[in-house]
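Novice: have a look; sequence and predicted model below, questions after that.
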Amino acid sequence: MRFAMLARNPDLYSHRRLVAAAEAAGHQIQVINTLQVHMNITSNRPMLRYGGSDLPLFDAVIPRIGASITHYGLAVLRQFEMQGVYPLNESVAIGRSRDKLRALQILARAGIGMPVTAFAHGPRKAEDVIREVGGAPVVIKLLEGTQGMGVVLAETEASAKSVIEAFSAANVNIMVQEFVRECGATDVRAFVVGGRVVAAMRRIGRPGEFRSNLHRGGRAEPTNISGDEGAVAVDAAAAIGLNVCGVDMLRTDRGPLVMEVNSSPGLEGVETSTGVDVATEIIAFLEANARHGDTVTRGRG
């Protein structure tokens, strides 16, 4: 089979592993810099150009679209979809996951447990928002933040109001969540591929840090997830519409609470901590689901 991977940096661990896994299974894979793709969307034959030439038709596309280029990356992915190329994750589902507020609204509609979350526009509602999530301490998050950036723990109501006012003055959208104290700086990431959890790790923040993100200096260790945690992870992925994702959960006295569903999770932490070959699991999913040999009949419509 022939795969395309949309990725700006082919040297990242995750991208190297996916290439290696595809080639080991006998497939061809081309890494394509998302920002260097040009699209022709004016005809009934949607075209993609790269390096001065038309891109060939692929059996499947693996989107590894950075958060900073989400808008353009999803446009490129939609063009692949218009050609009939099978996406590892569909553009619509990735768009849902990248809009944190929308993702939480979808998860709430599906009945999936989450930390109490509030959202309002403007600092005049700060007291109401803080009260709705149970009072200080609260976690304040930028809707566009990634890898733990744009996440603030406000220990008191006064500090929470100050942070909300500062973000509001900058015209930045935020949401406020309850701080689940019993979890400390730990969470669980369950890696879902094709409707099942293939690996899970527990992330632990560095001393003095309330965020568990590995990019913020946290560490990872393997963990066994409960049946409830596995079911919640699979249900969360299905609600957002993602075939492959990392579901971040808190282990609480109320059961697992989903914080985020990541449509482009890194592989290094989960593979090195658990020993599970997640990249091969992803390629096997594409083998089973991309319609090999049907690309020509699907055409470019």
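Specialist: Here it is on my side, so go on. Source: prediction; values computed, not measured.

Novice: distance of the spatially most central residue of the chain from Val163?
Specialist: In the chain, the residue lying closest to the centroid (CA atoms, centre = their mean) is Asn262, at 1.8 Å. Using CB to CB, to the nearest Å, we find Asn262 at a distance of 24 Å from Val163. For the C-beta atoms, the positions are set from N, CA and C on the backbone; glycine is no exception.

Novice: and if you look at Thr223?
Specialist: Taken as CB to CB, the span from Thr223 to Val163 is 32 Å.

Novice: and if you look at Ala279?
Specialist: 39 Å.

Novice: now Glu127
Specialist: Relative to Val163, and taking CB to CB, Glu127 is found at 13 Å.

Novice: which of the residues in the helix or strand hosting Asp128 are buried?
Specialist: Asp128 is part of helix 126-132, with elements assigned from DSSP states H and E. For helix 126-132, the buried set under the neighbour-count rule, 16 or more other CB atoms under 10 Å, comprises Ala126, Val129, Ile130, Glu132.

Novice: and what of stretch 38-49?
Specialist: Quick answer for stretch 38-49 (16+ other CB under 10 Å): Met39, Pro46, Met47, Leu48.

Novice: just the endpoints, please. Distance across that stretch?
Specialist: 5 Å (CA to CA, to the nearest Å).

Novice: report the mean per-residue pLDDT for it.
Specialist: Averaging pLDDT along stretch 38-49 yields 82.

Novice: go on, stretch 111-126?
Specialist: 81.

Novice: okay, how far is it across it, tip to tip?
Specialist: Note: stretch 111-126 ends 27 Å apart using CA to CA.

Novice: can you check stretch 184-197 too?
Specialist: Start-to-end, stretch 184-197 (CA to CA) is 24 Å.

Novice: show me what counts as buried in that stretch.
Specialist: Those would be Ala185, Thr186, Asp187, Val188, Arg189, Ala190, Phe191, Val192, Val193, Gly194, Val197, for stretch 184-197 by 16+ other CB under 10 Å.

Novice: how near is Gln30 to Ala22?
Specialist: 10 Å.

Novice: and those two? Which one has more around it.
Specialist: A count of neighbours by other CB atoms under 10 Å puts Ala22 above the other of Gln30 and Ala22, at 25 against 15.

Novice: could you look up the SS state of the more buried one?
Specialist: Three-state assignment for Ala22 (DSSP: H, G, I helix; E, B strand; the rest coil): helix.

Novice: spatially nearest residue to it, not counting backbone neighbours?
Specialist: Once flanking residues are discounted, Ala22 sits nearest to Ile29: 4.1 Å by CB to CB, 6 or more residues apart in numbering.

Novice: what is the burial count for the one you found?
Specialist: By other CB under 10 Å, neighbour count at Ile29 equals 22.
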